[in-house]
Each structure stands twice: as structure tokens, then as C-alpha cells.
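Visitor: This is a predicted model, with the sequence first.
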Amino acid sequence: MTVCTARRLTGAATILLALLPLATFAQAISITDQEGRAVTLDKPAERIVTIPMPMASGVIAIDGGAEKLVGMNPLSLTALREGILGRIFPDALNITDGVTGTDFVPNVEALAAVNPDLVIQWGGRGPEIVDPILNAGLNAMLIVYGNEDNAQTYMRNLATAIGKPERIEQLVDWRDTVMAAIAAKTEGLSAEERPNVLYLGRSLSDITASGAPNSYNNWYIDLAGGKNAAAELTGSQSINREQIAQWNPDVILLNSFEPELDVSWVYDDPILSLTQAAQNKRVYKMPLGGYRWDPPNQESPLTWIWLAELLHPELFDYDLRAEMRDAYKVLYNYELSDADIDGILWTGFQGDAAGYDQFAAR
């Protein structure tokens, strides 16, 4: 090696060393979460803990697999076991669910044991569920529910955090397209044309109804052409059967969080069976797919289509089964069978509900 060559190589090495901090800096990811906090990652997150329930399935959908998930809420794991996602991604069933309680209070020792790059936690619910994460020296990204804008924001933040910002555009475009198509047909409906719809977030151990205004259930009831029978409530509140009878909803939506709950809970009840919803067989349990269709998640446009078809079959002619097949191919690279779809829609016990024949396999 000549002296000249050695000098050139030494000079090149010096330049590369000088540029290393810049290269590292260029790979850093900066996010402003939904509490306005700056979240900085040295590189895309490879080990993620999700404490809000739908976020585990959201990570799987946006990343294309469960490899980055190292911890989740126990209710997220329950949804994986009860629904179809655990069959599509069976490795996800082995992910630890001891990192938090169902009350969203983090287990700091369990968090430290899985060594996450990022912990996704609720925002707007007080520092007691956030500070333990930060005090342990871990990165936390906070999310907020309530409307579709919030949902799209945290989905974009998640995609950015895992280094797949390009992935989110396809999913957001789908949401915007479905939302605009449904709104175009329901925005002009009068109050008289909108059925009263009651969503019950709990029914067995307690009865809770979702009011307005900061409720995602309230938002999609309005989008689909209904009006919230519990709109006088603020947020989710406990109620009793007598209150439901007083509201006398046209449609009752039962949650998908309680596996033992089915529509007989209404039809067999001496009070609830007298409501307009029961008399006209318009009681429906929310579907459970890759996640529960009640709260915002990656499958929400399917929720909107399902509900719009049930509330206003005269306005809509979606082929829900085809929409589901297309969505699952994009979200999970999975081909839904007719049996899969029947299970998601609970056709076994509510196939004879009013309007449900439109969802039957042809």
C-alpha cells in the first residue's frame, strides 16, 4: 500500500467517523403524542407494549405481524383468544399480558422484564398510569379516543413509531373513503328518519350506556344514520333496565366484550323485551373480528358499513362479506372463509334478527 493510498483511506475513515453521529441522528424518530408530549426514538421501535386494548391488534395490522409485540393488556389477549386474530397469528397468544392490570395501571417490574422500546398508554386519564412508566426510564406514547380524527392520529403515530409511515396511508384512505360514502347518504337525514340507537358497553355485571359527546360509539351511530338514545349522558355511565325502558330505543347494540352475552339477554328479560328494539328484532351484538368492532380500531370501516346497513338498508347496498374479505387481505394477508365471517358476525345466534339476512352467505 502506498503512502498516498494510506492517507486517502485514513482520510475517508475520518470523514465516516465524523458522519456517524449525523447518520444516527437521521434515523431518530420524533412524534408528538396526543397529550402534546415529544416522544423520541433512536430508531423504529422493535419491542412494543400496548396497554389500551385495541392497540395490540393495531400493531399487528400495521406491522403485518406480532413480532414487535412483547406485552399487552390482558383484555387484548382475551380478544385474540376469542376472535380470529389468534388463529391468524398464533404466536401472539404467547405474548405476556402481565405488564398491566385491566385498570391500565402498569406493572413496572413486568415492563422492565420485557424491556420495551415503546409503551403505548392512555392519555387524558391522569398521571398515575403514566408516571410509573416514565419513572422507570421507558418511552411512553399516549393516545386518546373519542372520534375518528383521534383514531387516525394515533394510528399515524404508531406507524411512524415502528418505521412504517407508508403503510398507514392505505389504511387511512380506506377509512376516509368509507366514511365519506356513508356520510353522503346520512348527513341529510332528519331526526325523524334516524332510529334511536342504544349502545350498551356492559350488560352482565353492570349495565352501562355510552352517551355523548366524546364517545366513539356516539360518533359512529350518528355517521350510520342513527341518533344516540343515551345522548343525555356524558361518557359511559351505569344505568338500569327502567332507564332503557324509558328511552325505548329502536335499536340496541350489545357489546362484544362479554363473551357470555348474546341477544337473549334482551329477549328473555321481562322489561327489555317490551322495547321497540326487542319487539322488532333489532337487537344486535357487535361483531368480534381481528378486534372488537365496538371501539375504534383498524377494522372500524367494517363497523360503519355493518351498522349503516342495519339502520338504513334502503340507502345502502354494500356487500359486507366482500368488504370483509378485501379488508382482511389488506390488514392481515388472510383469506376469510364463509365460516370465519359467520363467526365474526355471530350469525349463529342472531342470524334471524331484522336485516341480518343481507349478511348471509350466498
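Guide: All right, it came through fine. Just so it is clear, the model here is predicted, and its values are computed rather than measured.
Visitor: does residue 238 really touch residue 207, like I thought?
Guide: Yes: between residue 238 and residue 207 there is a contact under C-beta atoms under 8 Å: 6.5 Å. Any C-beta I mention is one placed from the backbone N, CA and C, and that applies to glycine too.
Visitor: higher neighbour count, those two?
Guide: Shown here are residue 238 and residue 207; by other C-beta atoms under 10 Å, residue 207 has more neighbours (18 against 12).
Visitor: gap between the more buried one and residue 224?
Guide: Using C-beta to C-beta, to the nearest Å, residue 207 is found at 23 Å from residue 224.
Visitor: got it, and residue 149?
Guide: 18 Å.
Visitor: try residue 334
Guide: For residue 334, the distance to residue 224 - C-beta to C-beta - is 26 Å.
Visitor: Between the two, which is the more surrounded one?
Guide: Neighbour totals were compared for residue 334 and residue 224, and residue 224 leads with 26 against 18 (other C-beta under 10 Å).
Visitor: What does the pLDDT read for that one?
Guide: On pLDDT, residue 224 comes in at 98.
Visitor: And the one 3 residues further on, by the same measure?
Guide: Confidence per residue is given as pLDDT, and for residue 227 that number is 97.
Visitor: where does the closest residue to residue 32 other than its chain neighbours sit relative to residue 121, distance-wise?
Guide: The spatial neighbour of residue 32 that comes closest, neighbours along the chain excluded (C-beta to C-beta, 6 or more residues apart in numbering), is residue 38 at 6.1 Å. To residue 121, residue 38 is 15 Å away according to C-beta to C-beta.
Visitor: Residue ranges of each domain in the protein, please.
Guide: With domains defined by automatic domain parsing, the chain comprises 27-162, 182-359.
Visitor: For residue 170, find the nearest of those.
Guide: Among the domains of the chain, domain 182-359 comes nearest to residue 170, with 6.8 Å by C-beta to C-beta.
Visitor: what about the closest one, distance to the chain center?
Guide: 15 Å (C-alpha atoms, centre = their mean, to the nearest Å).
Visitor: do the same with stretch 60-71
Guide: On C-alpha atoms, centre = their mean, the centre of stretch 60-71 falls 14 Å from the chain's centre.
Visitor: Then stretch 145-161?
Guide: Distance of stretch 145-161 from the chain centroid (C-alpha atoms, centre = their mean) equals 10 Å.
Visitor: Just the CA trace of it, in PDB.
Guide: C-alpha atoms of stretch 145-161 as PDB (Å, rounded to 0.1, in the frame of the first residue of the first chain):
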ATOM      1  CA  TYR A 145     -60.100   8.000  21.900                       C
ATOM      2  CA  GLY A 146     -63.300   9.900  21.200                       C
ATOM      3  CA  ASN A 147     -63.600  10.500  17.500                       C
ATOM      4  CA  GLU A 148     -62.200   9.400  14.100                       C
ATOM      5  CA  ASP A 149     -59.700  12.200  14.000                       C
ATOM      6  CA  ASN A 150     -58.200  10.900  17.200                       C
ATOM      7  CA  ALA A 151     -58.100   7.400  15.800                       C
ATOM      8  CA  GLN A 152     -56.300   8.300  12.700                       C
ATOM      9  CA  THR A 153     -53.800  10.400  14.600                       C
ATOM     10  CA  TYR A 154     -52.800   7.600  16.900                       C
ATOM     11  CA  MET A 155     -52.600   5.100  14.000                       C
ATOM     12  CA  ARG A 156     -50.300   7.500  12.200                       C
ATOM     13  CA  ASN A 157     -48.200   7.900  15.300                       C
ATOM     14  CA  LEU A 158     -48.000   4.100  15.700                       C
ATOM     15  CA  ALA A 159     -47.000   3.600  12.100                       C
ATOM     16  CA  THR A 160     -44.300   6.300  12.400                       C
ATOM     17  CA  ALA A 161     -43.000   4.700  15.700                       C
END
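Visitor: Give me the buried positions along that stretch.
Guide: Within stretch 145-161, the residues that count as buried by 16 or more other C-beta atoms under 10 Å are 145-148, 150-161.
Visitor: returning to that earlier point: how about the domains of the chain in CSV, adding distance to residue 176?
Guide: Shown next, in CSV, are the domains of the chain (distance: least, C-beta to C-beta, whole Å):
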stretch, distance to residue 176
domain 27-162, 8
domain 182-359, 9
